[in-house]
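Colleague: Build me a model:
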Amino acid sequence: MNSGREGEVSIRSESDIVQARKLVRSVAAEAGLGVTDVTRVVTAASELTRNIFHYAGEGTMTWRTLNTGARSGIELVFEDRGPGISNIDQAMERGYSTRGGLGLGLPGAKRLMDEMEIKSAPGQGTKIVVRKWLRRV
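Modeller: Presented below is the predicted three-dimensional model:
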């Protein structure tokens, strides 16, 4: 898999979440995603950067454009050194929340993207990789 453009955003404050959203919107549009898919990617990125800020205090979002030859898209990686997720299966259940929210965060982000991978361990942080592929018409 070849990557094109790439970059990184530090997540340490609410304003970093806004900056990440703006950047993802721009990169996704430049990658050729349609308006609906751009909105999906931005919504997922917003949720995942907000999780970094609320649960870990700080972390990073890295992004890159992808081209496999057969398809192209965008990959976002959210990484922190926070408390980690003790039960990923439970965290992926719709309605489950440790903060009293609606519990739509992680499962919602997964539904919005084409691919999602989560690696996490208590006390070691979390790494979430999501991808959205360009739809061919």
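Colleague: Now for the residue most central in space within the chain: which residues touch it?
Modeller: For the chain, A45 is the residue whose C-alpha lies nearest the centre (CA atoms, centre = their mean; 4.2 Å). A45 makes contact with 20-21, 24, 61, 76, according to CB atoms under 8 Å, 6 or more residues apart in numbering. (Glycine included, C-beta is placed from N, CA and C.)
Colleague: Please state the offset of stretch 116-128 from the chain centre?
Modeller: Stretch 116-128 has its C-alpha centroid displaced from the chain centroid by 12 Å (CA atoms, centre = their mean, to the nearest Å).
Colleague: Can I get the contacts of A45 in JSON lines including neighbour count?
Modeller: JSON lines is the format used below for the contacts of A45 (neighbours: other CB atoms under 10 Å):
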{"residue": "A20", "neighbour count": "26"}
{"residue": "R21", "neighbour count": "18"}
{"residue": "V24", "neighbour count": "23"}
{"residue": "M61", "neighbour count": "25"}
{"residue": "L76", "neighbour count": "25"}
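Colleague: What distance do you get for K127 to E79?
Modeller: 5 Å (CB to CB, to the nearest Å).
Colleague: Oops, could you answer that again for G32 instead?
Modeller: Using CB to CB, G32 is found at 26 Å from E79.
Colleague: Having no further points to raise, I will conclude here.
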